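A.B. asks: Pasting a predicted model and its sequence here:
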Amino acid sequence: MLPFTIEKVRSVEAAIAAASSGRRLIAGGTTLIDLMRDEVEQPQQLVDINALPLSEIRVDRSDLVIGALARMADVAAHPDVQRLHPMVAESLIEGASPQLRNMASIGGNLLQRVRCPYFRMLDAACNKRSPLSGCAALGGLNAGHAILGTSDHCVATHPSDVAVTLVALDATMRVVGPKGERTFLVEELFRLPGDTPHLEHTLLPGELIVEVRVPGGPVGRRGRYLKVRDRASYEFALVSAAAALDVADGVIRGARLAVGGVGTRPWRMRAVESALIGKVPDRKVFEAAARLALEGALPLSGNRYKLELLPRTIVRAFEMTGGIA
Amino acid sequence: MTMAIIGRPLARVDGRAKVTGAARYAADFNQPGQAYAVIVSATVGLGRVTGMDSAAIEKMPGILAVLSHLNAPRLAYGQHKSYIDPATGERLHVLQDERIRFHGQPVAVVVATTIAQAERAAAALRVSYNAERPVVDSAGPEARPIVPEAGRQPDARLPADKARGDADRALAESPVKVDETYDIARENHNPMEPHATIASWNGDRLTLWSKSQFVVNEQAEIAAIFGLPLENVTVICPFIGGAFGTSLRTWPHVTLAAMAAQHVRRPVKLVLTRKQMFFTTGHRPRTVQRIALGATADGKLTSVVHEGTGETSRYEEFMEALTSVTTFLYSCPNVRTRYRLVPVDTGTPNHMRGPGEASGVFALECAMDELAYKLRLDPIDLRRRNEPAIDEGENKPFSSRSLMRCYDLGAEHFGWARRTPEPRSMRDGRLLVGMGVASASYPAFHAPATARARLLPDGTAEVEIAASDMGPGTYTSMTQVAAETLGLPVERVRFSLGRSDYPPAPSHGGSWTMASVGSAIRAACIAVREEAAKGRTDRPIEATASSQRDPQAAERFSMHSFGAVFVEIAVDPDVGTIRVRRAVGAYGIGRVVNPRLARSQCTGGMVGGIGMALMERTVLDARDGRPVNAHMADYLMPVNLDILQLEAHFVEEADPHVNQLGVKGLGEIALVGIAPAIANAVFHATGKRVRALPIRIEDVLTA
Ligand SMILES: Cc1cc2nc3c(=O)[nH]c(=O)nc-3n(C[C@H](O)[C@H](O)[C@H](O)COP(=O)(O)OP(=O)(O)OC[C@H]3O[C@@H](n4cnc5c(N)ncnc54)[C@H](O)[C@@H]3O)c2cc1C
Ligand code: SF4
């Protein structure tokens, strides 16, 4: 680990000023410190933002508003979150471990870095960590890697669970920076690797995530998050699906679907959603729609099974929204 | 004057010390003026070190030394081999030459005033290599099996080839056959406590506070490596935070800590990182095994062929009991076993809980299940039809064997009668339910040991032996043996272990601690008791006594523990997740000294078995031999949610032959049998036979 300094800021302005001068924000530290220990991240100056008043969770009209510093555990346990958007709570509970969830913030969660093992090994080729060095995962262990949105330069999945549900629900995020405030879809935070996998998100220098807003509405209340993995807890998703249906008079009026574990960013499945509209929800309909999820999917040497697992996970997630046991 | 302390479910005598943090582990023995050493590990899988820019990091703050093959002292590396070292080959001589034999081999050690300085400099050290492509796939096209040297003699403990009758001919003539190959991934032990050593020299005397399951051997090994008289080295290790075999041998980091301390002339502490624990501290070798079974139409075995291959390093032949159980588990006139090794460019494997037996029994017990289905027999019934009267491999009676009683007891607790045999026939809602069963076995070993007991005038006693307690509860069970033998309440007995200057104990592995150490303690306590009976004295009464197995009994009987393992799993037919809902084990292990500890041992072994069956796998990158998932988030082991209901039961078993305590030992057997029971349950649930471990979602999906 390289030596570093750490200072605490007490106002959003001070945080922006610090971040604009090249210092690195730290919230729960569960991603950042971990990577600093391996010297994958090497910031020399940290700015502790935990004293900022950004941890509130509230309902604004019908929207759910989550402060960037709200902890995963607190958000998951919040009655409004469970009532309005059970899938958000579910995707948080299914992530990491209790100890990590007590520390980890929502803002930090969205900006967590990939779990590709080669990314953490300084002696392995990794374009994301050191541009133009190559991608060790392409010819190595890639069972957990992506089948959607990959490039020859990087095939790592975005690891966040809650980001998948936020993308499914059209959540937006408010950020403030030296040039003022912006609000955009959470989905727009994430970049595709292309030939610049080291650039992961669309925040501008000095920008701070303030809050995430999840629009209310009937669809969210019946959403479910299904995370599939080899052990029951404390593992990233092999495949996950955030699915929600708005059914009226036995017919699907609205559908939401985003998937995790398969894309280089949380992956919204609009084609699957459209295919469901106007249909009577049943397994056959879900299966037919889920096949569309594989469009453009490119398996790697070790993750061909995801072609099978992805549609199955989607079908199951939609079944769960209907309470099919 | 028996007070029946043996057999009582006492809580751990060291429990309080452990939960309050008073128990001190190797890395807790910080010494005044101590410096810190960090190992730099090779980043290539084969080749040579061609250069090292030590000068650059020597200027960094706090750096006391950078040791590599360029400047490290040439150590004596005197001859020394214990039974826990491979019989053939020579241990890695660390920092003695520029050759890289496997990925992660130590190439330098950086010593600094603080741990942060040492870590920083170790990360900054630039090493250049002449790299070659290693061969790490022991089942790949470049693999070349060899006959293990130490198995060539027919009377070897682990014979490379063993046969009775004509198994191949009998197989060809058998009306019913199973002939399959089973592949088990490499595993790493991954105990909670990392390997750690603090080394401190005083002139030419060396003290090591070091994580070890075998302190007297660590003493002898380090004395041999440094060319010191044995008595100049003391090894201390009162507590172990789990080991599962990884601390049986003395690995290179112990040598490096001592070398560094000698060089900088102050105590040095060296703790391996989690990642480094995948490099130089052994692993369960990957094995590939063929099992062929032949049977008559009514389920009598006519032929058993077991051919197993394990990986080893290029410089040592690590052997384990891969095919041993096959020679005596069932009755069969024609049995042939073959054991081979495949040297690859890796560090030497070593024993991991249930070494050999866990892997070998997996293959055999899966094949038995396959045979039961071919014969349309209940798998327990198949085993009953082939229950032997004696050990047919050794042609000796068993000192005791309760396998069928284990099946009866286990089946009752598990509710085996409710099982319908047809695959995919049991459901719970959407979920497919599978029930599987397998036999377990492990030898009842015994090794010579010596203990010292001392009765003090205040009516308390002290007992000492150089044994270890890696978690099974040695402190408690040995206190029980001493208290009962001396006729004292347990509170009046102070039991100490983990110092090489105590009377010698064998390695803390192989499930022989209770038998060997317990018998020695019993002998020492009897000697003290007899002395005390001669009359009152106000001086301490001390006796040192040894014990070993009655050689005649060893000659006459075959001695093993047996068990039957039952598992219920649920498989999600949509997404392929496999969950172990409950496991029930029934064991015949002779006398149970402490049922509470014994159950804890068994459930711990079951957790290990669940890991072996469904999660654990060290993935090597074929390009450079790197263990890619050398990280606790990537090397999966069961977490709480994966271990739901685990139960262990013991059949009453009086075995007068194994030793005077009547104990067969318990530890290794608890992991044996779990993985095949799970694999068999996966078949029962899904109709899909997976013959490679770990069984993962992707294996079930492609059903
Ligand atoms: C072993 C392990 C298992 C895990 N398993 C899962 C899992 O299953 N599912 C899952 O979703 N996650 C998982 N995680 C990831 C975990 O959720 C993230 O580490 C955590 O959410 C990050 O939050 P933090 O507050 O600790 O971020 P930090 O580490 O403090 O920061 C992360 C990054 O975000 C930046 N940042 C933080 N807050 C802000 C802000 N308000 N504005 C701008 N930038 C900011 C920091 O500068 C830094 O770059 C796991 C992590 C570990 C270590
Ligand atoms: S997949 Fe991405 S993160 Fe992984 S090695 Fe390749 S470039 Fe690096």
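C.D. replies: Arrived safely, thanks for sending. Ligands and ions are numbered 1, 2, ... in the order given.

A.B. asks: From chain A, how far off is the residue of chain B found nearest ligand 1?
C.D. replies: The shortest separation between chain B and ligand 1 is 4.2 Å, found at residue B:633 (distances taken as CB to the nearest ligand atom). The way it works is simple: take the backbone N, C-alpha and C, and place the C-beta from them, glycine included. Taking CB to the nearest CB, to the nearest Å as the measure, residue B:633 falls 7 Å from chain A.

A.B. asks: Can you get me a residue count around the nearest residue to that residue once chain neighbours are set aside?
C.D. replies: Ranked by CB to CB, 6 or more residues apart in numbering or on different chains and with sequence neighbours excluded, the top spatial neighbour of residue B:633 is residue A:115, at 7.1 Å. Around residue A:115 sit 18 other residues, with neighbours defined as other CB atoms under 10 Å in any protein chain shown.

A.B. asks: Residue A:115 is in what secondary structure piece?
C.D. replies: Assignment of secondary structure by DSSP states H and E places residue A:115 within no helix or strand.

A.B. asks: need the contact list for it.
C.D. replies: Residue A:115 sits next to A:144, A:156-157, A:159, A:236, B:633-634 when contact means CB atoms under 8 Å, 6 or more residues apart in numbering or on different chains.

A.B. asks: now do residue A:47
C.D. replies: A:6-9, A:15, A:18-19, A:23-26.

A.B. asks: Could you tell me which of those belong to helices?
C.D. replies: Where those overlap with helices, as defined by DSSP state H, the overlap consists of A:15, A:18-19.

A.B. asks: buried sites along the helix or strand in which residue B:373 is found?
C.D. replies: If you go by DSSP H and E, residue B:373 is part of helix B:357-375. Of all the residues in helix B:357-375, those buried under the rule 16 or more other CB atoms under 10 Å in any protein chain shown are B:357-373, B:375.

A.B. asks: For that helix, name the packing helices and strands.
C.D. replies: Contact analysis of helix B:357-375 by 3 or more CB pairs under 8 Å, 6 or more residues apart in numbering or on different chains; DSSP states H and E lists strand B:176-184, strand B:287-295, strand B:301-312, helix B:379-385, strand B:431-443, helix B:595-614, helix B:674-686 as its packing neighbours.

A.B. asks: The longest one: what's the following helix or strand?
C.D. replies: Scanning forward in sequence from helix B:595-614, with DSSP H and E defining helices and strands, the next element found is strand B:645-650.

A.B. asks: for the third one, same thing?
C.D. replies: Helices and strands here follow DSSP H and E; after strand B:301-312, the next one along the chain is strand B:316-317.

A.B. asks: list the helices and strands that next one packs on?
C.D. replies: Counting by 3+ CB pairs under 8 Å, 6+ apart, the packing neighbours recorded for strand B:316-317 are strand B:88-89.

A.B. asks: hmm, try it at 10 Å
C.D. replies: With contacts taken as 3 or more CB pairs under 10 Å, 6 or more residues apart in numbering or on different chains; DSSP states H and E, strand B:316-317 sits against strand B:88-89, strand B:335-343.

A.B. asks: and residue A:138, how many neighbours?
C.D. replies: Other residues lying near residue A:138 total 18 when counted by other CB under 10 Å.

A.B. asks: residues touching it, list them.
C.D. replies: For residue A:138, the residues meeting the contact criterion (CB atoms under 10 Å, 6 or more residues apart in numbering or on different chains) are A:118, A:125, A:127, A:145, A:150, A:152-155, A:300-301.

A.B. asks: hmm, 8 Å instead?
C.D. replies: Residues near residue A:138 by CB under 8 Å, 6+ apart: A:152, A:155, A:300.

A.B. asks: Going by neighbour count, which of these are buried?
C.D. replies: Buried members of the contacts of residue A:138, scored by 16+ other CB under 10 Å, are A:155, A:300.

A.B. asks: Columns distance to residue B:38, pLDDT and secondary structure on top of the contacts of residue A:138, output as JSON lines?
C.D. replies: As requested, the contacts of residue A:138 are exported to JSON lines (distance: CB to CB, whole Å; pLDDT from 0 to 100; DSSP: H, G, I helix; E, B strand; the rest coil):
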{"residue": "A:152", "distance to residue B:38": "36", "pLDDT": "97", "secondary structure": "coil"}
{"residue": "A:155", "distance to residue B:38": "32", "pLDDT": "98", "secondary structure": "coil"}
{"residue": "A:300", "distance to residue B:38": "35", "pLDDT": "98", "secondary structure": "coil"}
